[in-house]
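Asker: sequence first, then the predicted structure, then my questions.
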Amino acid sequence: MSSRAAARTKPRDASPDTAAARPALLLAWYDRHRRRLPWRAPAGEPADPYRVWLSEIMLQQTTVKAVGPYFEKFVSRWPDVAALARASLGDVLRMWAGLGYYSRARNLHACAVAVLRDHGGVFPDSEEGLRTLPGIGPYTAAAIAAIAFDRRTMPVDGNIERVVSRLFAVEEALPQAKPLIQQLASTLLGPSRAGDEKCRAGDSAQALMDLGASICTPKKPACALCPLNDDCAARARGDQESFPRKAPKKTGALRSGAAFVVTRGDELLVRTRPDKGLLGGMTEVPTSEWLAGQDDVAALEQAPPLKGVARWHRKAGVVTHVFTHFPLELAVYTATVAARTRAPEGMRWVPVATLADEAFPNVMRKVVAHGLGM
C-alpha cells in the first residue's frame, strides 16, 4: 500500500483524554435515552440469555419493527429454551413464516435442542462456548456474551459499523474494513477493574446500537444530539452521510420459473421443500426449477403430474421476489382437478382455509394470492 493510500485508510487519532471520555459519554447518554424493546431487560436488572439469543437471531438482516411481533409470539408460546427445544421443527417454521432467511429458524431450533441436550438448558456464558452452538457466529456470540453475561467484548452490527466509521472517518470500504472497525469499536468499552472483565459491556454495545438507530442514522443524522459530536471526524469534515464506505454490490442474474396453483374443491396442492438449501423445510406450491434464462415453455414442462388436467391457465403478469443473491420472476399457472384426484408423490392437499397455519415463505404467499385471486 502506498503512503498516500495508507493515509486515506488510517482513521483519525484522538487525544488520550478524548478517547478515555467516550465510553462514559456513551453510557450517560444511554442511561437517559435507551430504547424500550421487548427483549431488553429494564435498567439495573439482569438480562435473560434466552430472550437475548432469540432476539439476536431474529434481528439478523431484519428490522426491529419487523421482529417485534414475531418475538412476542415466540416467547408467548415458548417462554424458555427448553420449551422451544421440545417443539417440532415444523411448528417453529410455521411460527417463523414471513420473517425470511429461513435457515435462521432451522438453526434456532437446532440450537435450542443443543442447549437443552448438552448444557442442561443453560446457555454457555462465554464467546467460545456460544460459538459451539448451531447458528451462532462471531457477531452473535459476542452480542450474547456482552448483553446477557456482561463479558468484555464488543459486537459490531450495522448500526455500530456506521457510528464507528463516522466517528473515526474510516476510509476503507466494507466489508474489508470490518476488522479495523471491530478494533476501533472495542475502544468504546470502558476500562475494567483489575481482575474483573465485567464493565457494563452489554450497555456499551446497546448504547452504540441505539445511537446508530436513533441519532447516527444512514440519512440526515441528528449530529447535534449525539453525545460524541464534538469528537466525530466525519462530522468535522461535513461528509458523515458518506460513511461507511461500501464496495459496490454484486447483483445476481435474474432467475425465472413457473409456479403451479392447483385446487381440488376447497383444497390446495402443496409440498415441503428439502431441509437443506434455499427456503429449506418451508411449504410451497409445486414449482419448476428457478433458472437464469429459462423460458415459459421449459418451465411449464415441469408441471406436477396430475390426472385430469387438460390444460394449465397462465395468470396475467408474474410474481417477483428478490432474494439476497438473485431476483426471481415466477409465472403462475392454475388448474382445477376432480374431487378424488390423488396428490402426486411428495405432495399433499391442504384446506385453503388453513393456509395461514402453513409455513409459507413470503414468495409463496405472493404466488398463492396471485393464483387464487386473494
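Answerer: Now that the structure is in, tell me what you want to look at.
Asker: what residues are up against the nearest residue to Pro124 once chain neighbours are set aside?
Answerer: Among residues not flanking Pro124 along the chain, Leu130 sits closest, at 5.2 Å (C-beta to C-beta, 6 or more residues apart in numbering). All C-beta atoms are positioned from the backbone trio N, CA, C, and that covers glycine. With contact taken as C-beta atoms under 8 Å, 6 or more residues apart in numbering, Leu130 is in contact with 123-124, 136, 140-141, 144-145.
Asker: what do you get for Asp357?
Answerer: Contacts for Asp357 were tallied using C-beta under 8 Å, 6+ apart; they are Arg94.
Asker: the host helix or strand of Tyr50 - what's its average pLDDT?
Answerer: Following DSSP states H and E, one finds Tyr50 within helix 49-59. Mean pLDDT, helix 49-59: 97.
Asker: ok, then the element right after that helix?
Answerer: Toward the C-terminus, helix 49-59 is succeeded by helix 64-77 as the next helix or strand (DSSP H and E).
Asker: re the thing from before, neighbouring contacts of the helix holding Tyr50?
Answerer: By C-beta under 8 Å, 6+ apart, the surrounding residues in contact with helix 49-59 are 37-39, 41, 67, 70-71, 74-75, 80-81, 99, 104, 107-108, 111, 123, 125, 135-136, 140, 143-144, 147-149, 157.
Asker: please parse this structure into its domains.
Answerer: 3-242, 255-372 (automatic domain parsing).
Asker: columns distance to Lys249 on top of those, output as a markdown table?
Answerer: Below are the domains of the chain laid out as a markdown table (distance: least, C-beta to C-beta, whole Å):
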| stretch | distance to Lys249 |
| --- | --- |
| domain 3-242 | 11 |
| domain 255-372 | 10 |
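Asker: name the spans of the stretch 1-150 of the chain whose pLDDT lies under the cut-off.
Answerer: Counting by pLDDT under 70, the stretch 1-150 of the chain shows low-confidence ranges at 1-17.
Asker: can you tell me the helix or strand for Cys199?
Answerer: Going by DSSP H and E, Cys199 is not in any helix or strand.
Asker: okay, angle between the helix holding Tyr50 and helix 64-77 too, please.
Answerer: 140 degrees (axes from the mean of the first three to the mean of the last three C-alpha atoms, to 10 degrees).
Asker: what's the burial count for Lys73?
Answerer: By other C-beta atoms under 10 Å, 12 other residues sit near Lys73.
Asker: for the nearest residue to it once chain neighbours are set aside, what are its contacts?
Answerer: Computed as C-beta to C-beta, 6+ apart, the closest residue to Lys73 that is not its neighbour in sequence is Met95, at 6.1 Å. By C-beta under 8 Å, 6+ apart, Met95 lies in contact with 70, 73-74, 77.
Asker: leaving out sequence neighbours, find the closest residue to Arg365.
Answerer: Nearest non-adjacent residue to Arg365 (C-beta to C-beta, 6+ apart): Gly98, at 7.2 Å.
Asker: so what does that neighbour look like in phi/psi?
Answerer: The phi and psi values for Gly98, taken as degrees, to the nearest 10, are phi 100, psi -20.
Asker: can you report how many residues lie near it?
Answerer: Gly98 has 13 nearby residues by other C-beta under 10 Å.
Asker: same deal with Asn362?
Answerer: 13.
Asker: where do the strands sit along the chain?
Answerer: Assigned by DSSP state E, the strands in the chain fall at 255-264, 267-272, 283-284, 291-292, 313-314, 319-322, 327-336, 347-351.
Asker: need the ones you listed in a markdown table (columns: distance to Thr63).
Answerer: A markdown table is the format used below for the strands of the chain (distance: least, C-beta to C-beta, whole Å):
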| stretch | distance to Thr63 |
| --- | --- |
| strand 255-264 | 26 |
| strand 267-272 | 28 |
| strand 283-284 | 24 |
| strand 291-292 | 30 |
| strand 313-314 | 35 |
| strand 319-322 | 16 |
| strand 327-336 | 21 |
| strand 347-351 | 31 |
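Asker: for Ile215, find the nearest of those.
Answerer: When the strands of the chain are compared by C-beta to C-beta, strand 319-322 sits nearest Ile215, at 29.7 Å.
Asker: buried ones in the closest one?
Answerer: Neighbour-count burial for strand 319-322 flags 319, 321 (criterion: 16 or more other C-beta atoms under 10 Å).
Asker: what does that strand rub up against?
Answerer: In contact with strand 319-322 (C-beta under 8 Å, 6+ apart) are residues 259, 327-330, 332, 362-363, 366-367, 370.
Asker: contact partners for Met209?
Answerer: By C-beta under 8 Å, 6+ apart, Met209 lies in contact with 157, 159-160.
Asker: out of those, the closest to Arg271 would be?
Answerer: The shortest approach to Arg271 among these belongs to Asp157, at 36.1 Å (C-beta to C-beta).
Asker: neighbours around the closest one, how many?
Answerer: Neighbour tally, Asp157, other C-beta under 10 Å: 19.
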